[in-house]
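Colleague: Here is a sequence with its predicted model. Questions after.
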Amino acid sequence: MTTMTAPETTPAALHSTLCLFGQGVVRGYAIGRAVVMSAAALEVAHYRIADDDTAAEKQRLCQAIDAAVHDLHQMVEALPDDAPRELGVLLSVHAMLLQDPMLVQSVCQLIEERQVNAEWALTTQGQTLAEQFTLMEDAYLRERSADVRQVIERVLRVLSGSAQWLPDLDGVDADGSLIVVARDISPADMMRLRGGKFGAFLTDLGGATSHTAIVARSMNVPAVVGMGHVRALVRDGDLLIVDGIRGLVLVNPSPAILREYQERQAAFLRERDELKALRFAPAMTLDGIQIRMEANIELPEEAADALAAGAEGIGLFRSEFLFMGRADLPGEDEQYEAYSAVVRTMAGRPVTIRTLDIGADKTLDGEATVATNPALGLRAIRYCLANPELFNTQLRALLRAAAHGPVRILVPMVSHMHEVVATRRALARAAEELRDAGLAHETRVQLGAMVEIPAMAIAIEPFAETLDFLSIGTNDLIQYVLAIDRGDTDVASLYDPMHPAVLRLIAHTINAGERVGKPVSVCGEMAGDVRVTRMLLGLGLTGFSMHPQQLLDVKKEIRRAHSNALRVKVASALNRAERIDLAALSA
Ligand code: PEP
Ligand code: MG
């Protein structure tokens, strides 16, 4: 976290205001009084247990774990209907972690071998486990070390008999004006913090995929995480301004700053209400070009968010998230349930499900990344074709889900036509097996491919003719065109979505689709970036797929744009391979 006391704007007014920075993970502003949570980490006593007493100590541990698990299950049962969906899942994951026999066994072993008390053995084992997670390459899995720490703390609280770490706020009528300041917030604690009293969450720990971030996002409450020492620097009752857009917290601001932020907050809320009114408005440009607005999701539950944001369909369901963060592979029935849940939620709207895109930055649990350069290795469709049984299971589940509504199958990382041919063959095998087994399924599914390898974009014509639709994955397309690893911060400044070479490939793909009458959309991050919406319209794009939270902002921009005029401006810059001046497109 960075702290400063003399920010760049209005220095005189900001004179005595402490500014703290972290990672803003939920957009919005909050103004309110700090409620500083006591440190969840407990002082852990270390003492020796007599030989005869180790059995009793192990029993004490098991009872505490049972009580913590029972408590978590009860919370899941008691979740109110309006609770964020993620909470139930996260609470269950915590219960599962605690019930892992390996955890209990290893702690009991420590108690016995070292003759130490349960608290000490539990903390020691918890640290080892959390460190293992911290070393993982995948950012999501790294964040899971927080889960381990939180469940251990939960048991420690039971062992110490002091389960409560939140102040009792039952009688307080705060109406969203309290701001939680904590070291970290577990899902169970998050559940207690629901109920409209809290206007923002600030934590020392956590990143974009931490629980605080996930749950705050679903509650639509501003949050700044990874602040480092916010708990130490803020006192109970301090007046705070939280700027979730910039990841900024102002402590005890001057009246001038307070007024400024009150205005910003009011404008933000007004704009949000205006956007909501656009949910069912057509995404049509001023010159009458109809644009398809779809949503990207990673978990089946997010389909409801897509619907709520007015998405016309799911443009990208990243199925690999069903496969990650677990020791086993999801079977056909489990996948079928997940896919058909999305199809049912979308009630007749098209659902594009991408086949497993594993490899490179996403690995299955327990599988080391051994390729010399994983981004150029056995990833996505290459991995699936090399593992035909795993692919067959997924294709069978997809064809079964298609019996419930329109499913489109999207294949990632295609570069060769023979990969399309092999995928069709694999689909035919899956359909034949389902028919023989008498399982309900639908064979008339559309097949499309991600355009994310430059070779495919350059030689796009046969793919556009053969496939039913194309979806441009700009995240990877940019990395492969520019030879910039998308996850490498050292070269992040060279990761340039506006490079004329990237834009030419997007335009080339869109034009090829137009010529043969096949829909083309963009599902990479560019589609949800409102700063480039006009530029994409200028390239002739008529299909956008993005995170549900970005849909309305982009729709608003589309409704203000004149597509044909943009096409003329963009085409002339592209012909000369010049950089496109985004400001000129807004004029
Ligand atoms: C892309 O590459 O643009 C894309 C949408 O897929 P992912 O980010 O999952 O690789
Ligand atoms: Mg990709």
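Modeller: Looks like it arrived, so ask away. Residues are numbered from 1 along each chain as shown. Ligands and ions are numbered 1, 2, ... in the order given.
Colleague: and the residue of the stretch 151-300 of the chain nearest ligand 1?
Modeller: With CB to the nearest ligand atom as the measure, N296 is the residue of the stretch 151-300 of the chain nearest to ligand 1, at 7.0 Å. For the C-beta atoms, the positions are set from N, CA and C on the backbone; glycine is no exception.
Colleague: Sort out which residues of the helix ranked longest in the chain are buried, please.
Modeller: Longest helix in the chain, counting residues (DSSP state H): helix 54-77. Under the neighbour-count criterion of 16 or more other CB atoms under 10 Å, helix 54-77 has 54, 57-58, 60-61, 64-65, 67-69, 71-72, 75-76 buried.
Colleague: That one packs against which elements?
Modeller: Judged by 3 or more CB pairs under 8 Å, 6 or more residues apart in numbering; DSSP states H and E, helix 54-77 is in contact with helix 85-99, helix 101-114, helix 118-134, helix 145-160, helix 187-192.
Colleague: Relative to ligand 1, which of those is closest?
Modeller: Of the helices and strands packed on helix 54-77, nearest to ligand 1 by CB to the nearest ligand atom is helix 85-99, at 20.0 Å.
Colleague: quick one: contacts of the longest helix of the chain?
Modeller: 49, 88, 91-92, 94-95, 98-99, 104, 107-108, 111-112, 115, 117-118, 121-122, 151, 154-155, 158-159, 163, 188, 191 (CB atoms under 8 Å, 6 or more residues apart in numbering).
Colleague: Over to stretch 293-301?
Modeller: Residues contacting stretch 293-301 (CB under 8 Å, 6+ apart): 85-86, 89, 283, 302-303, 305-306, 309-318, 321, 338-339, 341-342, 345, 350, 352, 521, 523, 528, 543-548, 551, 554-555, 558.
Colleague: picking up where we left off before, let me know the closest of the buried residues of helix 54-77 to ligand 2.
Modeller: Comparing these against ligand 2 with CB to the ion places V76 closest, at 34.2 Å.
Colleague: could you point out where the stretch 51-200 of the chain is predicted with low confidence?
Modeller: Applying pLDDT under 70 to the stretch 51-200 of the chain flags the ranges 80-86, 137-141, 162-176, 191-192, 194-196.
Colleague: That one against ligand 2: which residues are in contact?
Modeller: Not one residue of the stretch 51-200 of the chain sits near ligand 2, judged by CB under 5 Å from the ion.
Colleague: following the helix or strand of the chain with the lowest mean pLDDT, which helix or strand shows up next?
Modeller: Lowest mean confidence among the helices and strands of the chain (mean pLDDT, DSSP states H and E): helix 11-14, at a mean of 44. Remark: after helix 11-14, the chain's next helix or strand is strand 18-21, criterion DSSP states H and E.
Colleague: hmm, back to that, how about a markdown table for the buried residues of helix 54-77, with distance to R486 added?
Modeller: Listed next are these as a markdown table, based on distance: CB to CB, whole Å:
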| residue | distance to R486 |
| --- | --- |
| T54 | 51 |
| E57 | 50 |
| K58 | 48 |
| R60 | 49 |
| L61 | 44 |
| A64 | 44 |
| I65 | 41 |
| A67 | 45 |
| A68 | 39 |
| V69 | 39 |
| D71 | 41 |
| L72 | 37 |
| M75 | 38 |
| V76 | 36 |
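Colleague: of those residues, closest to E263?
Modeller: Taking CB to CB as the measure, E263 lies nearest M75 of those, at 39.4 Å.
Colleague: In the stretch 251-400 of the chain, which residue sits closest to ligand 2?
Modeller: D357 (6.3 Å).
Colleague: Would you check how far apart that residue and T542 are?
Modeller: 24 Å (CB to CB, to the nearest Å).
Colleague: Mind checking which of those two has more residues around it?
Modeller: The neighbour count for D357 versus T542, taken as other CB atoms under 10 Å, is higher for D357 (26 against 19).
Colleague: Is that one part of a helix or strand, or is it coil?
Modeller: Put simply, D357 is coil when judged by DSSP: H, G, I helix; E, B strand; the rest coil.
Colleague: quick one: contacts for it?
Modeller: Per CB under 8 Å, 6+ apart, neighbours of D357: R318, S319, E320, R379, A380, P412, M413.
Colleague: pLDDT check: weakest of those residues?
Modeller: Lowest pLDDT of those: E320, 88.
Colleague: What about that one, how many residues nearby?
Modeller: 19.
Colleague: Export the helices and strands packed on helix 54-77 as TSV, with columns for mean neighbour count.
Modeller: Shown next, in TSV, are the helices and strands packed on helix 54-77 (neighbours: other CB atoms under 10 Å):
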stretch	mean neighbour count
helix 85-99	19
helix 101-114	16
helix 118-134	19
helix 145-160	22
helix 187-192	21
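Colleague: ok so, going back, got the angle for the longest helix of the chain vs helix 101-114?
Modeller: Per axes from the mean of the first three to the mean of the last three CA atoms, to 10 degrees, the angle that helix 54-77 makes with helix 101-114 is 150 degrees.
Colleague: now helix 54-77, how far from the chain's geometric center?
Modeller: 31 Å (CA atoms, centre = their mean, to the nearest Å).
Colleague: What is the burial count for F280?
Modeller: 6.
Colleague: would it count as being in a strand?
Modeller: No - assessed with three-state DSSP, F280 is coil; it does not lie in a strand.
Colleague: what about stretch 575-587, start to end distance?
Modeller: End-to-end distance of stretch 575-587 (CA to CA, to the nearest Å): 21 Å.
Colleague: Just the mean pLDDT for that stretch, thanks.
Modeller: pLDDT averaged over stretch 575-587 gives 90.
Colleague: And for stretch 296-314?
Modeller: 93.
Colleague: Around ligand 1, which positions in the stretch 251-400 of the chain sit nearby?
Modeller: Counting by CB under 6 Å from any ligand atom, the stretch 251-400 of the chain comes close to ligand 1 at L316, R318, D357.
Colleague: Let me have those residues in a markdown table, extended by distance to D333.
Modeller: Converted to a markdown table, these look like this (distance: CB to CB, whole Å):
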| residue | distance to D333 |
| --- | --- |
| L316 | 24 |
| R318 | 20 |
| D357 | 22 |
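Colleague: tell me the contacts of V570?
Modeller: Applying CB under 8 Å, 6+ apart to V570 gives the contacts L503, A507, M535, G538, L539, I580, L585.
Colleague: Go ahead and confirm M546 touches V554.
Modeller: Yes - in terms of CB atoms under 8 Å, M546 counts as a neighbour of V554; the distance is 6.5 Å.
Colleague: Compare neighbour counts for those two and give me the winner.
Modeller: Between M546 and V554, M546 has the larger neighbour count (other CB under 10 Å), namely 27 against 21.
Colleague: Report pLDDT for the more buried one.
Modeller: 93.
Colleague: The closest residue to it other than its chain neighbours: neighbour count?
Modeller: Once flanking residues are discounted, M546 sits nearest to G528: 3.1 Å by CB to CB, 6 or more residues apart in numbering. Using other CB under 10 Å, the number of residues around G528 comes to 22.
Colleague: Kindly report the same for D476.
Modeller: Neighbour number of D476 under other CB under 10 Å is 23.
Colleague: I figured it hits G524, correct?
Modeller: Yes - between D476 and G524 there is a contact at 7.4 Å, judged by CB under 8 Å.
Colleague: Identify the contacts common to the two.
Modeller: Joint contacts of D476 and G524 (CB under 8 Å, 6+ apart) are E452.
Colleague: hmm, back to that, between the buried residues of helix 54-77, which is nearest ligand 1?
Modeller: After measuring these against ligand 1 - CB to the nearest ligand atom - the closest member comes out as V76, at 30.1 Å.
Colleague: Beyond the helix or strand harbouring V568, next helix or strand please.
Modeller: Element membership for V568, per DSSP H and E: helix 563-575. With elements assigned by DSSP H and E, the helix or strand that comes after helix 563-575 is helix 582-586.
Colleague: Summarise which helices and strands that next one is packed against.
Modeller: In terms of contacts (3+ CB pairs under 8 Å, 6+ apart), helix 582-586 is packed against helix 533-538, helix 563-575.
Colleague: Redo those as JSON lines? Include distance to I245.
Modeller: Compiled in JSON lines, those are given as follows (distance: least, CB to CB, whole Å):
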{"stretch": "helix 533-538", "distance to I245": "19"}
{"stretch": "helix 563-575", "distance to I245": "27"}
